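*Asks:* Fold the following and give me the result.
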Amino acid sequence: MTNVLILGAHGQIARLATKQLLSDTDAHLTLFLRRANRITATDADRETIVDGDAANVADLTAALKGQNIVYANLAGNIEAEAKAVVTAMDQAGVKRLVWISTLGIYDEVPGAFGKWNHQQLDGGYLETYAAAAKTIEDSDLDYTIIRPAWLSNKNVVDYELTQKGDAFKGTEVSRKSIADLVTKIVATPAKHVRESLGVNQPNTDGAKPSFY
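*Replies:* This next block holds a predicted model:
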């Protein structure tokens, strides 16, 4: 049985991924978040809830005992959290990390949409997410960085992947699609190791994506 530590377990994508991991795998899940009373376990035999700070190495190291995979779905001081996660995982000897980031950290979004995206995420947001991703990439961890397009709550699982260095192909993706990708990586952890994946919903009508 795989043990998965979910950081930021109260987030929307994390809650969807938790539900799918319980349904599609036999993994044991440790749900790590601040103010742990915000969530309750739906399967007490397979879920453990831990109150902790993802920027605190001691909290993370304690939660990492016995874990096989870390899935981080964090917000806030994301660069500090990335540094703490890398340090704690090194100390605990845990190698596999799935890290949720955002589109645009490599200037990989073309055209007018890329410019608009930068305007929406100004004030240092993209820079801090890019710095966090660089911390992950510079580590010796077996990471997968996931860069979703703009997120929707559509009840659909439909997505395509691009690699670092490739331009994005679409402008949005559902949270359910990101949760599905996380679940598939947890189920097959040898896939997408040391890759940074752009994720968007495919354009099925044959029209050019609305970048321009």
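
*Asks:* give me the beta-bridge partners of the closest residue to residue 195 other than its chain neighbours?
*Replies:* Leaving aside its sequence neighbours, residue 195 sits nearest to residue 144 (Cβ to Cβ, 6 or more residues apart in numbering; 5.7 Å). C-beta coordinates here come from the backbone N, C-alpha and C atoms, glycine included. Judged by DSSP bridges, the bridge partners of residue 144 are residue 98, residue 195.

*Asks:* ok, now which ones touch residue 144?
*Replies:* 97, 98, 99, 185, 192, 193, 194, 195, 196, 197 (Cβ atoms under 8 Å, 6 or more residues apart in numbering).

*Asks:* try it again with 10 Å
*Replies:* 71, 96-100, 136, 181-182, 185, 189, 191-197 (Cβ atoms under 10 Å, 6 or more residues apart in numbering).

*Asks:* From residue 98, how far off is it?
*Replies:* Separation of residue 144 from residue 98 (Cβ to Cβ, to the nearest Å): 5 Å.

*Asks:* intersection of neighbour lists for those two?
*Replies:* Common neighbours of residue 144 and residue 98 (Cβ under 10 Å, 6+ apart) are 71, 181, 182, 185, 189, 192.

*Asks:* Got a quick PyMOL command for the buried subset of the contacts of residue 144?
*Replies:* Buried residues within the contacts of residue 144, by 16 or more other Cβ atoms under 10 Å, are selected in PyMOL with:
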select buried, resi 71+96+97+98+99+100+136+181+182+185+189+192+196+197
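
*Asks:* thinking again about what came up before, so of the shared contacts of residue 144 and residue 98, which ones are in strands?
*Replies:* residue 71 (DSSP state E).

*Asks:* Which ones among the shared contacts of residue 144 and residue 98 lie within helices?
*Replies:* Of the shared contacts of residue 144 and residue 98, the ones assigned to helices by DSSP state H are 181, 182, 185.

*Asks:* and which of the residues you listed is nearest residue 28?
*Replies:* Closest approach between those and residue 28, by Cβ to Cβ: residue 182, at 15.8 Å.

*Asks:* Excluding chain neighbours, what is closest to that closest one?
*Replies:* In space, residue 182 is closest to residue 17, 4.6 Å off (Cβ to Cβ, 6+ apart).

*Asks:* residue contacts, the one you found?
*Replies:* Taking Cβ under 10 Å, 6+ apart, we find residue 17 in contact with 4, 6, 9, 11, 29, 71, 73, 98, 100, 175-176, 178-183, 186.
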